[in-house]
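**Student:** Kindly return the folded structure for what I paste below:
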Amino acid sequence: MTDAPTAAQPRRTFRVGAAARPCTLVVCRGCCCGNPRKYPGTDHDWQLDRLRAAAADSGGRLAVRVSDCLGPCDQANVIVVQPSTAGRQAGGRAQWIGFAMDDDCTDELLAWVTAGGPGLAAPPAALELQFVAPPREARAARR
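**Tutor:** This is a model prediction of the structure:
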């Protein structure tokens, strides 16, 4: 027996609500970001451990993903903060952070995402200074 609809049995559409996504940190660890030869003064592993520990302690409100090269290598280390479902519904959009090398930046990043992240909480002023354009927007601005 097949599940295909027949003339006597119209196709039914089911709407399934999207699962609530947590605020997500996408941490670049490609060719330049996280490279101890290029940036020997930064403990890249410690930074990633701190981010993962914060996600583990968040009760599911924060997630961390590691990505290969995200593109703006001249602004390494790059971290993209993706809003949660609630943050996106409140108007939050993904925010790219460049030069995320030191503990102060990591502290401010964690404070922001713990407070809700894009759309739900204002970023610390010092962290805003590290916001960078996504590669696509940066290319369009150069044209």
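
**Student:** what about this structure, any weak spots by pLDDT?
**Tutor:** In the predicted model, the chain carries pLDDT under 70 at residues 1-19, 137-143.

**Student:** could you show me where the helices are in it, in order?
**Tutor:** The residue ranges that make up the helices of the chain, judged by DSSP state H, are 44-56, 85-89, 103-114, 125-128, 135-142.

**Student:** so which of the ones you listed is the most packed in?
**Tutor:** With neighbours defined by mean count of other CB atoms under 10 Å, none of these is more surrounded on average than helix 103-114, at a mean of 18. To be clear about C-beta, it is placed using only N, CA and C from the backbone, and glycine gets the same treatment.

**Student:** give the contact list for the residue nearest to residue 134 when sequence neighbours are not counted.
**Tutor:** Leaving aside its sequence neighbours, residue 134 sits nearest to residue 96 (CB to CB, 6 or more residues apart in numbering; 5.2 Å). Contact analysis of residue 96 by CB atoms under 8 Å, 6 or more residues apart in numbering lists 70, 72, 78, 79, 80, 81, 131, 132, 133, 134.

**Student:** For those residues, give me JSON lines that also has distance to residue 123.
**Tutor:** Putting the contacts of residue 96 into JSON lines (distance: CB to CB, whole Å) gives the following:
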{"residue": "70", "distance to residue 123": "19"}
{"residue": "72", "distance to residue 123": "18"}
{"residue": "78", "distance to residue 123": "16"}
{"residue": "79", "distance to residue 123": "12"}
{"residue": "80", "distance to residue 123": "13"}
{"residue": "81", "distance to residue 123": "8"}
{"residue": "131", "distance to residue 123": "8"}
{"residue": "132", "distance to residue 123": "13"}
{"residue": "133", "distance to residue 123": "16"}
{"residue": "134", "distance to residue 123": "16"}
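
**Student:** and those, which are buried?
**Tutor:** Buried by 16 or more other CB atoms under 10 Å: 70, 72, 78, 79, 80, 81, 132, 134, out of those.

**Student:** quick check, nearest of the residues you listed to residue 120?
**Tutor:** Distances from those to residue 120 were compared by CB to CB; the smallest belongs to residue 81, at 11.4 Å.

**Student:** wait, isn't that closest one in contact with residue 110?
**Tutor:** No. Residue 81 sits out of contact with residue 110 when judged by CB atoms under 8 Å, with a separation of 10.7 Å.
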